[in-house]
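**Q** Need the 3D shape of this:
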Amino acid sequence: MSLGEGVQLGVFGILSLLAIGFAVGVVFAPNIVYSGFLLAGVFLSMAGLYLLLNADFVAAAQVLIYVGAVNVLILFAIMLVNRRYVFKPLQLGWLRNGATAAVCLGLFALLATAITQTPWPEQPIAAISSVEVIGGHFFSDYLLPFEVASVLLLMALVGAIVLARRDFIIGALPEDLSGGEQSLLERYRPLIAADVEDDTEAEAAELASSGS
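**A** You can find the predicted model right below:
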């Protein structure tokens with residue numbers, strides 16, 4: 001084994017351990033916001049693995065799309081809908097955990113068998129531009145999944161906009177608010193009401209001008 005192959009193998013091991021560690025942290029983190037940040041670590045580790053496979057375009061797309069768009073969108077959704085739930089312990093939880101562990105072990109055994117039984121080519125394959133290959137597959141074999149993914153991302157973006165533009169409801173105070181939260185809402189209620197009134201007057205004036 002040459003020095004370059006040893007370095008590549010070491011980097012592969014480090015990135016694999018980082019990806020597995022971040023993934024375990026996503027599942028077991030006590031705070032869901034921390035899980036979102038750990039998910040970004042998983043995506044970055046996967047981008048490093050793509051670089052080791054000479055798929056530079058896929059690595060850049062991994063960082064731009066998953067870390068820069070999807071993960072940020074997930075964090076925005078978590079922070080905008082940051083409600084605290086009290087989860088009750090599930091009945092027969094050990095049975096569900098056992099079934100999940102059995103499925104994970106079965107998938108691991110299946111992947112390990114496929115990797116060991118696949119006749120991998122020993123000679124290096126001629127390098128082809130990854131951008132050209134990906135573009136050809138996108139607009140031929142995987143056109144429908146590509147469009148479906150685009151629609152799903154658009155739906156997620158619209159949902160984030162709807163969550164970000166939640167309007168204040170000027171009405172009775174919620175009964176489950178504490179005294180400090182009620183006094184704070186009472187303090188800002190006139191400002192909120194004035195803001196809503198100004199918006200209503202501006203819309204009415206705009207409609208009147210457009211009608212005339």
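
**Q** for this protein, which spans come out with low pLDDT?
**A** The model of the chain has pLDDT under 70 over residues 1, 81-87, 90, 123-130, 164-212.

**Q** which residue ranges form the helices in this protein?
**A** Applying DSSP state H to the chain gives helices spanning 3-28, 32-52, 56-61, 72-80, 93-117, 130-138, 143-164, 179-211.

**Q** May I see those helices arranged in a markdown table, with mean neighbour count as well?
**A** From N, CA and C alone the C-beta is placed, and that goes for glycine too. Converted to a markdown table, those look like this (neighbours: other CB atoms under 10 Å):
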| stretch | mean neighbour count |
| --- | --- |
| helix 3-28 | 13 |
| helix 32-52 | 18 |
| helix 56-61 | 16 |
| helix 72-80 | 15 |
| helix 93-117 | 10 |
| helix 130-138 | 13 |
| helix 143-164 | 11 |
| helix 179-211 | 10 |
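
**Q** distance of residue 104 from residue 63?
**A** To residue 63, residue 104 is 27 Å away according to CB to CB, to the nearest Å.

**Q** Not counting its neighbours along the chain, what's nearest residue 22?
**A** Sequence neighbours aside, residue 41 is the residue nearest to residue 22 in space, at 3.8 Å (criterion: CB to CB, 6 or more residues apart in numbering).

**Q** That neighbour touches residue 18, doesn't it?
**A** Yes. Counting by CB atoms under 8 Å, residue 41 does reach residue 18; the two are 6.8 Å apart.

**Q** OK, contacts around residue 71?
**A** Neighbouring residues of residue 71 by CB atoms under 8 Å, 6 or more residues apart in numbering: 36, 39, 40, 43.

**Q** Contact partners for the third one?
**A** By CB under 8 Å, 6+ apart, the contact list for residue 40 reads 67, 71.

**Q** related to what we said a few turns ago, which of the contacts of residue 71 sits closest to residue 14?
**A** residue 43 (16.2 Å; CB to CB).

**Q** Residue 100 versus the closest one, what's the distance?
**A** Distance from residue 43 to residue 100, by CB to CB: 23 Å.

**Q** now residue 57
**A** Residue 57 sits 35 Å away from residue 100, going by CB to CB.

**Q** How about residue 33?
**A** 24 Å.

**Q** and if you look at residue 11?
**A** Applying CB to CB, the value for residue 11 to residue 100 is 31 Å.

**Q** repeat for residue 63
**A** 30 Å.

**Q** need the contacts of residue 71 in JSON lines with distance to residue 138, can you?
**A** Shown next, in JSON lines, are the contacts of residue 71 (distance: CB to CB, whole Å):
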{"residue": "36", "distance to residue 138": "28"}
{"residue": "39", "distance to residue 138": "25"}
{"residue": "40", "distance to residue 138": "25"}
{"residue": "43", "distance to residue 138": "20"}
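
**Q** May I ask which two of these are separated the most?
**A** 36 and 43 (11.0 Å).

**Q** I'm done for today, thanks for sticking with me.
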